[in-house]
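Visitor: After the sequence you'll find the predicted model.
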Amino acid sequence: MAVTPRLGLKHQQRLALTPALRQSIGLLALPALGLMETLAAEAAENPFLRFRARRQESGGALYDLALGTVAAVRPLTEELTAQISMKALPPTLSRAALTLAAHVGPDGYLEGEARALLAAAGQSADLAEAAVTVLKTCEPTGVGSRSFAEFLAARLEEDGIDQPTAHRIAALVATPAGRLRQRRALPSLPDLPPPLLKRIRALLRRLPNAPVGEASPAPSGPALPDLRIVRQNDGSLLVERARSFTLSLDARLVQALRGGESVEARLAQARALIAAVEWRQATLLRIGKAILARQADFFHSGPDALRPLTRTTLAEELALHPSTLGRAITAKSLIFGGRLLPLSMFFSSALPATEGAESTSVSSAAVRQHLLRLIAAEPPQTPLSDAMLCDLLRGRGVDISRRTVAKYRESMRIPSSAQRRRSVRLTRMEESDGDRGNDHGEMNRRGARGFPSGA
């Protein structure tokens, strides 16, 4: 059958990104502080725009305060304290983790022996391993490590290396025979595939000596909230914009300078920017109201009450494109009860609940919180295996497999039960060496940060 060209007309709908739409989407992607910086710069260039940062009762400009916050790197101890305070932990464990956080050095390593630090603070030394585990779930990766080997294992796991292999490689580094820093190569490991060895070598080449280096300060987090949730007198919750600035037209200047092509162009630009900012703020407010409606139990009861919520589901509910919703929640936060909460924390996948449970599904974020508390409360000498953790979670109404438990545990950089048991034994051996006045164990532990000199 011959194919012949044909001319014809057809109707087709297609979304066109107009300059105004591009500007709106661009502003939506900016965090609060970045938006304020952009608007301040635009107002300096366009005489029709009036930009003002909200002033606090103390008399300082909120914008100036935010700039000062970002200019100075947030201290690591303060960052760790904020992260630990966000976790739903038993009070005694939370205090123990905060105590250890105060003894994390500027390089990110734990300075001192965990049990001794807790004992000196009048807290139970039996919480040492659990508190270290909590500390290691914080950012940056590897913070709270007690040796370079622990730090390396955490970085390898973050890079997708399975936990047994990561700890095996880290064990090589902890011995003088490793000398990986000088050789830039691994010893002969014939059971590991070449692509995996290549990935590990690449990581070793770029790996710093400590969790926190000069070029990688601790993350400071969002400096300004985009939304705030307030509790009304009747106990109900209300979501509002966090009005940290105002942007408006200079009405007197508009009346005085009407006419002229260049003047009208500037005025049109000012109006378009104000409209784009209003669209951004209205979109974030809609998302905030939807989050409050879906996650109301979280604001009343805490992280355990988080419900499953995906970005796709909320995007469909709000008639937004998923990519638009993604831009809207990235690097955005709300303030509630004096704490900044990233919007992204309210989104998690669903796990089925066991038969007879109150709800048909449970949030994966809530399951991780349960898992963390179970491991934190386990007896140090007999840690819980993944199978035992699976049974305990099932008893709490979570239909979960052992493989999923292992996946969640590894995502939080928590070692396996065998490795946790081994760590406790090594810690006790070091304590025994210290009691005999032999500081060799301490030298080995701290000396594992770097590598022996020489080839």
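Guide: Yes, it's here.

Visitor: And the residue positioned nearest the centre of the chain, how close does it get to residue 366?
Guide: Computing the C-alpha centroid of the chain and ranking residues by Cα atoms, centre = their mean puts residue 139 first, at 7.2 Å. Distance, residue 139 to residue 366, using Cβ to Cβ, to the nearest Å: 20 Å. (Glycine included, C-beta is placed from N, CA and C.)

Visitor: now swap in residue 411 and tell me
Guide: 14 Å.

Visitor: ok, these two, which is more surrounded?
Guide: More crowded of residue 411 and residue 366, by other Cβ atoms under 10 Å: residue 366, with 21 against 14.

Visitor: so where is the stretch 251-400 of the chain shaky, pLDDT-wise?
Guide: 258-259, 354-360 (pLDDT under 70).

Visitor: that older thread, which element is the residue nearest to the centre of the chain on?
Guide: Using DSSP states H and E, no element contains residue 139; it sits outside every helix and strand.

Visitor: is it true that it touches residue 84?
Guide: No - look at residue 139 against residue 84 with Cβ atoms under 8 Å: they stay out of range, at 11.4 Å.

Visitor: Could you point out the longest helix of the protein?
Guide: Ranked by residue count, the top helix of the chain under DSSP state H comes out as helix 261-294.

Visitor: where does that helix sit relative to the chain's centre, distance-wise?
Guide: How far helix 261-294 lies from its chain's middle: 28 Å, per Cα atoms, centre = their mean, to the nearest Å.

Visitor: which residues sit against the following helix or strand past it?
Guide: Once helix 261-294 ends, the next helix or strand along the chain (criterion: DSSP H and E) is helix 296-301. Applying Cβ atoms under 8 Å, 6 or more residues apart in numbering, the contact partners of helix 296-301 are 229, 237, 292, 305, 306, 307, 336, 346.

Visitor: Count the residues that sit near the closest residue to the fourth one other than its chain neighbours.
Guide: Sequence neighbours aside, residue 297 is the residue nearest to residue 305 in space, at 3.6 Å (criterion: Cβ to Cβ, 6 or more residues apart in numbering). Using other Cβ under 10 Å, residue 297 has 12 other residues around it.

Visitor: Against residue 416, how distant is residue 297?
Guide: For residue 297 relative to residue 416 (Cβ to Cβ), the value is 33 Å.

Visitor: So which bits of stretch 328-347 are buried?
Guide: 328-329, 331-336, 341-343, 345-347 (16 or more other Cβ atoms under 10 Å).

Visitor: Using PDB, write out every CA atom in it.
Guide: Extracted C-alpha coordinates of stretch 328-347, given in PDB (Å, rounded to 0.1, in the frame of the first residue of the first chain):
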ATOM      1  CA  ALA A 328       6.400  23.600  46.300                       C
ATOM      2  CA  ILE A 329       7.500  21.400  49.200                       C
ATOM      3  CA  THR A 330      11.200  21.200  48.500                       C
ATOM      4  CA  ALA A 331      13.200  23.200  51.000                       C
ATOM      5  CA  LYS A 332      10.000  24.600  52.500                       C
ATOM      6  CA  SER A 333       9.000  24.400  56.100                       C
ATOM      7  CA  LEU A 334       6.300  25.300  58.600                       C
ATOM      8  CA  ILE A 335       6.600  26.300  62.200                       C
ATOM      9  CA  PHE A 336       4.600  24.600  64.900                       C
ATOM     10  CA  GLY A 337       5.100  24.700  68.600                       C
ATOM     11  CA  GLY A 338       8.400  26.600  68.200                       C
ATOM     12  CA  ARG A 339       9.900  24.000  65.800                       C
ATOM     13  CA  LEU A 340      10.600  24.200  62.100                       C
ATOM     14  CA  LEU A 341       9.200  21.200  60.300                       C
ATOM     15  CA  PRO A 342      10.100  20.500  56.700                       C
ATOM     16  CA  LEU A 343       7.000  19.900  54.500                       C
ATOM     17  CA  SER A 344       8.700  16.800  53.000                       C
ATOM     18  CA  MET A 345       8.400  15.000  56.400                       C
ATOM     19  CA  PHE A 346       4.700  14.700  56.000                       C
ATOM     20  CA  PHE A 347       4.900  12.500  52.900                       C
END
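
Visitor: Check whether residue 118 really touches residue 97, as I assumed.
Guide: No - the pair residue 118 / residue 97 is not scored as a contact, 10.0 Å apart, by Cβ under 8 Å.

Visitor: what sits in contact with each of the two?
Guide: residue 131.

Visitor: which of the two has more neighbours?
Guide: Neighbour totals were compared for residue 118 and residue 97, and residue 97 leads with 28 against 23 (other Cβ under 10 Å).

Visitor: Pull the distance from the helix or strand where that one lies to the chain's centre.
Guide: For residue 97, the host element (DSSP H and E) is helix 91-101. Counting by Cα atoms, centre = their mean, helix 91-101 is centred 20 Å from the centre of its parent chain.

Visitor: Identify each buried residue in that helix, please.
Guide: Burial within helix 91-101, assessed by neighbour count using 16+ other Cβ under 10 Å, is assigned to 93, 94, 95, 96, 97, 98, 99, 100, 101.

Visitor: Could you check how far the first one is from residue 286?
Guide: Relative to residue 286, residue 93 is positioned 38 Å away (criterion: Cβ to Cβ).

Visitor: again with residue 316
Guide: 13 Å.

Visitor: okay, these two: which has more neighbours?
Guide: Ranked by neighbour count (other Cβ under 10 Å), residue 316 and residue 286 place residue 286 first, with 17 against 13.

Visitor: isn't that one right up against residue 319?
Guide: No - assessed by Cβ under 8 Å, residue 286 is found out of contact with residue 319, at 9.6 Å.

Visitor: Would you map the helices across the stretch 151-300 of the chain?
Guide: When assigned using DSSP state H, counting those that start in this stretch, the helices of the stretch 151-300 of the chain occupy the ranges 163-173, 180-183, 194-206, 251-256, 261-294, 296-301.

Visitor: Return the most buried member of the ones you listed.
Guide: helix 163-173 (a mean of 19; mean count of other Cβ atoms under 10 Å).

Visitor: Check which element follows the helix holding residue 97 along the chain.
Guide: helix 114-120.

Visitor: State the next helix or strand along the chain beyond that following helix.
Guide: helix 128-136.

Visitor: tell me which strands and helices that next one is in contact with?
Guide: Contact here means 3 or more Cβ pairs under 8 Å, 6 or more residues apart in numbering; DSSP states H and E; on that basis helix 128-136 packs against helix 76-86, helix 91-101, helix 114-120, helix 364-376, helix 417-435.

Visitor: I'd like the domain boundaries of this structure, if you could list them.
Guide: As assigned by the TED database, the chain contains the domains 76-206, 227-346, 364-429.

Visitor: what's the offset of the second one from the middle of its chain?
Guide: Between the centre of domain 227-346 and the centre of its chain there are 21 Å (Cα atoms, centre = their mean).

Visitor: same thing with the first one?
Guide: Offset of domain 76-206 from its chain centre (Cα atoms, centre = their mean): 17 Å.
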